[in-house]
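>>> The sequence and its predicted three-dimensional model are supplied below.
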Amino acid sequence: MAASIVSLRNVEKWYGNNHVVKDMNLEIEEGEFLTLLGPSGCGKTTTLRMIAGFEDATEGSIEVQGVRVEEKEPFQRDVNTVFQNYSLFPHMTVYDNVAYGPTIRKVPKDEIRRRVTEMLELVQMADYEKRKPEALSGGQKQRIAIARALINNPRVLLLDEPLGALDLKLRKQMQIELKRLQKKLGITFVYVTHDQEEAMTMSDRIAVMRDGVILQMGVPMEIYERPATRFVADFIGESNVLEGRVTGVEEGVLLVETPAGGVRCRGRGFGVGDALCVAIRPEYLRVSREPVAGFSLPATVKDFIYMGALIKTSLDLKNGQEVKLSRLEADPALREGDAVHIWWEAEKAVAIHDDSRVGAVREAAVC
C-alpha cells in the first residue's frame with residue numbers, strides 16, 4: 001500500500017443542527033485518483049472543502065503530507081482546487097490566468113513564461129494564450145482552469161464536479177484527458193462527482209458516500225461487483241434487488257425465498273431465517289423457456305428499450321416487481337408478453353444485508 005498523502009481522522013462537520021460529515025476516517029494514497037461519489041447533500045463537497053481549507057472541520061484532524069493543516073490557510077496546504085464554474089478572471093488573457101499563481105508568489109518572469117508554456121502545452125492549449133475566457137468553449141475553459149491549478153506544482157489536486165457544466169460528448173472526452181494528465185504527472189487527484197459512470201471511468205478507488213458517511217471504498221470493479229449495501233448496489237450502475245429470507249443452506253449454497261419465487265446463491269455470514277437482499281446486475285440475468293434447477297422466478301416480457309450499445313429488456317415478476325435484462329444484441333426469440341423463467345450463474349449475484357442504513361463499511365458476501 002502506498003503512503004498516505006492526505007489523512008482525515010475522526011472528522012466531523014456541523015452546520016448548526018445539520019450533521020454534514022460524520023466521524024470520517026479516510027486515507028488518500030500518494031499518486032492515486034480517488035473519487036468521492038454520492039448524491040447531492042451527502043457531504044462529499046464539504047469533505048473536499050475541508051481538505052482545501054475553505055471550510056473548517058468541527059472536530060477531528062486533517063493532515064497533508066503528515067502535517068496537520070487545520071490552522072493553515074488554503075494557500076499554505078500544498079493543494080489546489082478546480083471548481084465546476086472554472087473561476088477564471090474574465091478580464092485576463094489565458095496566459096495571465098495561468099500565470100496568476102506564480103506571479104503573486106513573485107516568481108521570476110522567465111520562470112513564469114517557461115511554466116505557463118509547459119502547462120498550456122500539457123492541456124493542449126498552447127495556441128490560445130492571448131484569448132480571453134469569453135472566447136473559449138466550456139472544455140477549453142476547463143483546461144485553462146486545470147493548467148492554472150497545476151502550475152503551482154501542488155502535491156494534491158482537488159476537483160469539485162469540474163465536468164458538470166459540459167455536454168455529454170465533451171464530458172467523456174475530458175474524463176479521458178483528466179486521467180491521462182493524472183497518470184503523466186503522478187499527482188494525487190481527489191475528485192468529487194455524483195456521476196457513477198464518471199467515477200468508474202477515471203478512479204483508482206471510489207468512496208461511496210451517503211448522509212455524511214463513507215459506506216464503501218474500493219477499486220471500481222470491487223464496488224460494482226461486490227456492493228456492500230443495498231444503497232451502493234442501487235447507486236452504482238443498475239441492479240435488480242430481490243428481498244428475501246434464507247430457507248436453507250446446502251454445502252455453502254443459500255436457498256433464498258423471495259416474494260417472486262425461490263433462488264439459490266452462494267454466500268457467507270447468513271443462516272436460516274436471516275433476511276437479506278440478492279442483487280444481480282442486468283447483464284448477468286438469463287432467461288429460459290423452461291424452469292432452471294434452483295430457481296423459480298417466472299416472469300413476463302414487458303418491453304424492449306434500444307440504447308445504442310445495449311438492448312434493455314423489462315420483465316415483470318409474479319409479484320409485480322420489474323427487473324431489467326441487458327444484452328448487446330436483441331434476442332430474436334423473445335417477444336412482448338412471452339412467459340419466461342429467470343435465472344443466473346450463482347457467482348454473479350451478491351447477497352447483502354436487507355439494510356441500506358448508514359453505518360460501518362461491511363464486506364459484501366458474494367453469492
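Thanks, I have it.
>>> Could you use CA atoms for every contact and neighbour count after this?
Noted.
>>> how about Thr46, what does it touch?
Taking Cα atoms under 8 Å, 6 or more residues apart in numbering, we find Thr46 in contact with Val20, Val21, Glu55.
>>> helix or strand for it, which one?
helix 44-52 (DSSP states H and E).
>>> Asp23 now?
Assigned by DSSP H and E, Asp23 falls in strand 18-29.
>>> What strands flank that strand, and is each parallel or antiparallel?
On the basis of DSSP bridges, the sheet neighbours of strand 18-29 come out as strand 4-15 (antiparallel).
>>> neighbouring contacts of the partner strand?
So strand 4-15 is contacted by 19-30, 56-66 (Cα under 8 Å, 6+ apart).
>>> relative to helix 44-52, how tilted is that strand?
On the basis of axes from the mean of the first three to the mean of the last three Cα atoms, to 10 degrees, strand 4-15 is oriented at 120 degrees to helix 44-52.
>>> Run the chain-centre distance for strand 4-15.
A distance of 19 Å separates the centroid of the chain from that of strand 4-15, by Cα atoms, centre = their mean, to the nearest Å.
>>> Quick check: mean pLDDT of it?
Regarding strand 4-15, the rounded mean pLDDT is 96.
>>> got the buried residues for that strand?
Ser4, Ile5, Val6, Ser7, Leu8, Asn10, Val11, Glu12, Lys13 (16 or more other Cα atoms under 10 Å).
>>> can you map out the helices along this protein?
Secondary structure of the chain (DSSP state H): helices at 44-52, 94-104, 109-122, 138-150, 168-185, 196-202, 220-225, 230-235.
>>> need those in TSV with distance to Glu322, can you?
Below are these laid out as TSV (distance: least, Cα to Cα, whole Å):
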stretch	distance to Glu322
helix 44-52	32
helix 94-104	52
helix 109-122	48
helix 138-150	39
helix 168-185	28
helix 196-202	22
helix 220-225	21
helix 230-235	14
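>>> Looking at these, spot the one closest to Leu285.
helix 220-225 (14.0 Å; Cα to Cα).
>>> what packs against the closest one?
Counting contacts by 3 or more Cα pairs under 8 Å, 6 or more residues apart in numbering; DSSP states H and E, helix 220-225 packs against strand 205-210.
>>> Can you give me the distance of the closest residue to Val246 other than its chain neighbours to Asp204?
Excluding its sequence neighbours, the residue lying closest to Val246 (Cα to Cα, 6 or more residues apart in numbering) is Val256, at 4.5 Å. The gap separating Val256 from Asp204 is 35 Å, by Cα to Cα, to the nearest Å.
>>> Comparing the two, which shows the higher neighbour count?
Val256 (27 against 18; other Cα atoms under 10 Å).
>>> Now do that one against Asp316, distance only.
Distance of Val256 to Asp316, given as Cα to Cα: 19 Å.
>>> do the same with Glu129
58 Å.
>>> likewise Asp211?
On the measure of Cα to Cα, Asp211 and Asp316 end up 32 Å apart.
>>> likewise Lys13?
Counting by Cα to Cα, the gap from Lys13 to Asp316 is 44 Å.
>>> Could you tell me which residues make contact with the residue nearest to Val292 when sequence neighbours are not counted?
Closest residue to Val292 apart from its sequence neighbours, by Cα to Cα, 6+ apart: Trp343 at 6.8 Å. With contact taken as Cα under 8 Å, 6+ apart, Trp343 is in contact with Val263, Leu285, Arg286, Val287, Ser288, Val292, Phe295, Leu297.
>>> Then Val116?
With Cα under 8 Å, 6+ apart, Val116 has these contacts: Tyr95, Val98, Ala99, Ile151.
>>> what about the second one, neighbour count?
The local packing of Val98 (other Cα under 10 Å) involves 29 other residues.
>>> I figured it was touching Asn152, is that so?
No: assessed by Cα atoms under 8 Å, Val98 is found out of contact with Asn152, at 9.6 Å.
>>> Check Cys265 and give its pLDDT.
If you check Cys265, the pLDDT there is 84.
>>> Correct me if wrong: it contacts Val253.
Yes: counting by Cα under 8 Å, Cys265 sits close enough to Val253 to count as a contact (5.5 Å).
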